[in-house]
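A.B. asks: quick one: sequence and predicted model below, then my questions.
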Amino acid sequence: MNEAEFERARFNMVEQQIRPWEVLDQRVLDVMMEMPRHLFVAPEYQKVAYSDIAVPLPQGQEMMHPKIEAKLLQALNVRPNETVLEVGTGSGYLTALLSRLAFRVVSVELYEELSRAAASRLEQVQADNVELVVGDAAEGWADKAPYDVIVLTGSVARLPDAFLEQLKPGGRLFAVIGEEPVMEARLISRVGQREWAEEGLFETVLPPLHHLEPERRFAF
């Protein structure tokens, strides 16, 4: 595909997948229209980079569907003066979108291979307000806490309290919570020193974050 074809595919993604899912925040639509998603996937997947599918990544990971990325960005309402913690860098695409909306993004990835590839892609799109870290953030990332926004890019069977504690007052957290086949995307806001509010957004299924997988059940 040439650049004109990628641009047309990106337009169709926004108009046919994202808008119909009631994503109407113009900042989100603009950043997704601008960001070249095909640069964040392996060459063999570039033709489907803008499709309504979960594009495979190394280490058994996958990208979220574009409409889920858009929906979570709209729900989080990231502001230009805010710092974001992203748990699971993955391809770096969502990281890049967040970088356009936030003041700073700290993105923690368990796999060095994924973090290294994301670094190269983020450099291409000049996302110079991103700090990439290789590490295990399954219990939060206290080093740079507290955060205005926290995004978990994989599902969790239960949400560790550490993430709630690492939110600033007024901060928001996106997580997909539950176990297959029932998972729910939730927005959690810190509304006081010891008080949080929770809103169910939509049902979906995401692969679990490593070290936060459901406990295995044994049948006898």
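C.D. replies: Received, thanks. Numbers count the residues shown, from 1 in each chain.

A.B. asks: the nearest residue to Val182 once chain neighbours are set aside and Val87, how far apart?
C.D. replies: Counting by Cβ to Cβ, 6 or more residues apart in numbering, the nearest residue to Val182 once its immediate chain neighbours are dropped is Glu203, at 7.4 Å. Just so you know, the C-beta spots here come from the backbone N, C-alpha and C atoms, and that holds for glycine as well. From Glu203 over to Val87 the distance is 21 Å, taken as Cβ to Cβ, to the nearest Å.

A.B. asks: now do Glu15, the pLDDT please.
C.D. replies: On the pLDDT scale, Glu15 is placed at 97.

A.B. asks: kindly apply the preceding question to Ser91 instead.
C.D. replies: 97.

A.B. asks: I'd say it and Ala119 touch.
C.D. replies: No - using Cβ atoms under 8 Å, Ser91 is not in contact with Ala119; the gap is 11.5 Å.

A.B. asks: higher neighbour count, those two?
C.D. replies: Ser91 (26 against 18; other Cβ atoms under 10 Å).

A.B. asks: for the nearest residue to that one once chain neighbours are set aside, grab the count of nearby residues.
C.D. replies: Counting by Cβ to Cβ, 6+ apart, the nearest residue to Ser91 once its immediate chain neighbours are dropped is Phe40, at 4.2 Å. If you count neighbours by other Cβ under 10 Å, Phe40 ends up with 26.

A.B. asks: hmm, Phe40 is touching Arg121, no?
C.D. replies: Yes - using Cβ under 8 Å, Phe40 is in contact with Arg121, at 5.2 Å.

A.B. asks: next, show the common contact partners of these two.
C.D. replies: Ser91, Gly92, Tyr93, Ala96 (Cβ atoms under 8 Å, 6 or more residues apart in numbering).

A.B. asks: and the first one, that's in a strand?
C.D. replies: No - per DSSP: H, G, I helix; E, B strand; the rest coil, Ser91 lies outside any strand segment and is coil.

A.B. asks: dump the residue contacts of it.
C.D. replies: Residues near Ser91 by Cβ under 8 Å, 6+ apart: Phe40, Val41, Val55, Leu57, Met63, Leu114, Ala117, Ala118, Arg121.
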